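[1] prediction below, plus the sequence it came from.
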Amino acid sequence: MSAKYFAQGIADLPRVAEDDGTSLVARAAWLHFCGGLTQSEVAKRLSVPSTKAHRLIAQATRDGMVQVFVQAEVSECTRLEHQILSKWGLNFCQVAPDLGEQGLPLRSLGMAGAGYLRMMLENRDIACIGIGHGRTLAAAVTDLPRLKTAKVMVVSLLGGLTRKFAANPFDVIHRIAEKTVLEAYMLPAPLYASRPSDRDVLMAQIGVGEVFELGRTAELLVVGIGGVGELAHLMETSTVTDEEMMELERLGAVGEILGHYLDADGQPVPSSLSERVMSPPISTLKGSNVVGIAGGAEKIDAIRAVLTSGMLKGLITDEVTAQRLVS
């Protein structure tokens, strides 16, 4: 089957003054992606240097003004989806084709995740979506087009501040709010409280407990899956210390979901972090509609552990990871 490509382009952009730069970026994108003009032709039409035309087109793509979707199935990916559905009893699985990326496959997962998020955000049968955070979810939101028709409420499922109370660079709630007109609620707390008693104090604060309650009403939870070790996302953001990560490795942890750590059998790993995590209790996740977006060689064990736990109802992953998961 030949793939049909289309550019959804520059739709639903707010009207802006010509001199604020956004209009020029949008016009360059229209001419290139919808009009079929080359970059040199765009430069001539806009009376700008070719280098500036190139920058304008690149900025349009980077800012999410242009989205390219492929309306076709890859048979190898479809077979992997069926294998994963059968092996772990999921309700939903999407495998994004391999793009030959080094490290985390953020491009393929970002595009696949953006398509899924857009569909869910525009689903009239869903009133509230709970959102995790991390590099992969951030990539999905980056590729999300601007939405003006969505009516869903989005709420953060876990604390979005690091140990230093700096904003998590991969917190997606603000990014979703920037791309949409949705009601978006963040959890104004760190992922891990300093002590169990501090968690109780934080939960009693105005705005914190209310956000948790909103999260409990969510019909869909979209989450990332984290690994264990020095490359783990929570290590990179200083959310978990070296000592805590060494403790987790010593206790047999291989994966993380919403700040909870699991061993290879999908069982929770009790640690010094367990009673301090500012996220929904792990016991409630198995009864929820949880969809994970994750992939990459460094996360194979983590994804397998979360699948084994029975918490996921759906998974979006990449082709290479899917092959490893079913082998």
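    Alright, I've got the coordinates. Numbering: from 1, shown residues only.
[2] distance from the chain centre to the lengthiest helix in the chain, please.
    Ordering each helix of the chain by length in residues (DSSP state H) puts helix 106-121 first. Remark: helix 106-121 is offset 8 Å from the chain centroid, using CA atoms, centre = their mean, to the nearest Å.
[3] which elements pack onto it?
    Here helix 106-121 touches strand 66-70, strand 92-96, helix 135-142, strand 220-223, strand 290-293, strand 312-318, going by 3 or more CB pairs under 8 Å, 6 or more residues apart in numbering; DSSP states H and E. Placement of C-beta: from N, CA and C, glycine included.
[4] in TSV, list these along with mean pLDDT and mean neighbour count.
    Formatted as TSV, these follow (pLDDT from 0 to 100; neighbours: other CB atoms under 10 Å):
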stretch	mean pLDDT	mean neighbour count
strand 66-70	69	17
strand 92-96	94	22
helix 135-142	92	24
strand 220-223	97	25
strand 290-293	98	25
strand 312-318	97	25
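[5] format these as TSV; extra columns: distance to F33.
    Below are the helices and strands packed on helix 106-121 laid out as TSV (distance: least, CB to CB, whole Å):
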stretch	distance to F33
strand 66-70	5
strand 92-96	22
helix 135-142	18
strand 220-223	28
strand 290-293	26
strand 312-318	25
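[6] nearest to Q102, of the ones you listed?
    Ranking the helices and strands packed on helix 106-121 by proximity to Q102 (CB to CB) places strand 312-318 first, at 12.6 Å.
[7] how far out from the middle of the chain is that closest one?
    Worked out by CA atoms, centre = their mean, strand 312-318 lies 12 Å from the chain centre.
[8] and stretch 231-250, by the same measure?
    Worked out by CA atoms, centre = their mean, stretch 231-250 lies 20 Å from the chain centre.
[9] could you list the buried residues of the helix or strand containing M245?
    According to DSSP states H and E, M245 maps onto helix 242-250. Going by neighbour count (16 or more other CB atoms under 10 Å), the buried part of helix 242-250 is E244, M245, E247, L248.
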